[in-house]
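Student: Sequence and predicted structure below; questions after.
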Amino acid sequence: MSTNKVWFITGASRGFGLEITKAALASGDKVVGTVRSQPEKLANELDHPNFQAIILDVTNEAQAIEAAGKTIELFGRIDVLVNNAGFGLLSAVEEGTDKEVRHMYDTNVFGLLHVTRAFLPYMRQQKSGHIINITSVGGLASAAGWGLYASTKFAVEGINEALADELRPLGIFSTAVEPGYFRTNFLDGASLTSAAKVIADYSETSGKMREIVPQVSYNQPGDPVKLAQAILKLAAAKNPPVHLPLGKDTLFYFNQKMEKFNAEIEEWREIITSTDHDDVK
């Protein structure tokens, strides 16, 4: 499968980022993986001649530009950019403070844009490359307790769809990958925080979700090792998709959403189609 690609993977020290890094190295590819601190720790853990760990806080655009330049200096090109770094906020929409929400957007959305902008000049010069944006089932269908987090993933979905249209004529692809619940450390606090403010009126909605999360953690249906293999197949595809939902649960929640949406459209069709000018056929 390998064509000796050069990968740049953000958030490579754990979860999806670590598994994708291991899979890419095992296939014979070269990887630059980013961590927020102690790059030597990850480098020693993986102990691979084709791996380079570097420090990157994706919220720092200057650092992202420097990291992109270093990647090209090391390996001469960039074939696959995996925007994986991010974290979640478990909160009713009203409970999340401005500071909590902005902090999440700085990483999940603006951080992704920083890294993408840093690498695109090299991809445009090469006339090749593949951007893989790790979003979430929450980027396709939101739910109580996840609205603020899902909004960051909805934003990435919109960015990705436009990128795919803009970049395809240049020989570059962009894909949003929407994982469902996978058995990583995401829910145990490693990548998920809860709003400090709790409003009792939401005890039966977002409050219930707070109770469920500890029970679900490490019991999720998805296998992150299999996800990493799916990402390798995606990177090897000659005509990759704009969206790649991963996990039966993702398909279930998305189909459930579309069924409800289509039912509402039929119920409100007369109103929906009544708002055009009379001269519009």
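Tutor: Yes, it's here.
Student: where do the strands sit along the stretch 1-150 of the chain?
Tutor: Using DSSP state E, counting those that start in this stretch, the strands assigned to the stretch 1-150 of the chain run over residues 6-9, 30-35, 51-55, 80-83, 88-90, 129-134.
Student: So for residue 42, which of the ones you listed sits nearest?
Tutor: Residue 42 lies closest to strand 51-55 among the strands of the stretch 1-150 of the chain, at 4.5 Å (C-beta to C-beta). Glycine gets a C-beta too; all of them are placed from N, C-alpha and C.
Student: quick check: angle from that closest one to strand 30-35?
Tutor: In terms of direction (axes from the mean of the first three to the mean of the last three C-alpha atoms, to 10 degrees), strand 51-55 departs from strand 30-35 by 30 degrees.
Student: Can you list the neighbours in contact with strand 51-55?
Tutor: Contacts with strand 51-55, where a contact means C-beta atoms under 8 Å, 6 or more residues apart in numbering, come from 12, 21, 25, 30-37, 39-40, 42-43, 46, 63, 67, 70, 74.
Student: Residue 269 - how many residues pack around it?
Tutor: Residues contacting residue 269 under the criterion other C-beta atoms under 10 Å number 10.
Student: same deal with residue 106?
Tutor: For residue 106, the number of neighbouring residues by other C-beta under 10 Å comes to 16.
Student: Then the one 4 residues further on?
Tutor: Counted with other C-beta under 10 Å, residues neighbouring residue 110 total 15.
Student: Contact partners for it?
Tutor: Neighbouring residues of residue 110 by C-beta under 8 Å, 6+ apart: residue 59.
Student: With residue 81 as the reference, measure out to the spatially most central residue of the chain.
Tutor: Most central in the chain under C-alpha atoms, centre = their mean is residue 134, positioned 2.1 Å from the mean C-alpha point. Here residue 134 is placed at a distance of 11 Å from residue 81 (C-beta to C-beta, to the nearest Å).
Student: For the stretch 51-200 of the chain, give me the ranges with low pLDDT.
Tutor: In the predicted model of the stretch 51-200 of the chain, residues 182, 184-189 satisfy pLDDT under 70.
Student: hmm, 90 instead?
Tutor: The model of the stretch 51-200 of the chain has pLDDT under 90 over residues 180-193.
Student: where do the helices sit along it?
Tutor: All helices of the stretch 51-200 of the chain, identified by DSSP state H, counting those that start in this stretch, fall at 61-75, 98-105, 112-126, 147-167.
Student: Turn those into a markdown table, columns for mean neighbour count.
Tutor: Below are those laid out as a markdown table (neighbours: other C-beta atoms under 10 Å):
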| stretch | mean neighbour count |
| --- | --- |
| helix 61-75 | 17 |
| helix 98-105 | 14 |
| helix 112-126 | 19 |
| helix 147-167 | 19 |
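Student: Just send the ones you listed back as CSV, with distance to residue 180 too.
Tutor: Shown next, in CSV, are these (distance: least, C-beta to C-beta, whole Å):
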stretch, distance to residue 180
helix 61-75, 29
helix 98-105, 20
helix 112-126, 20
helix 147-167, 12
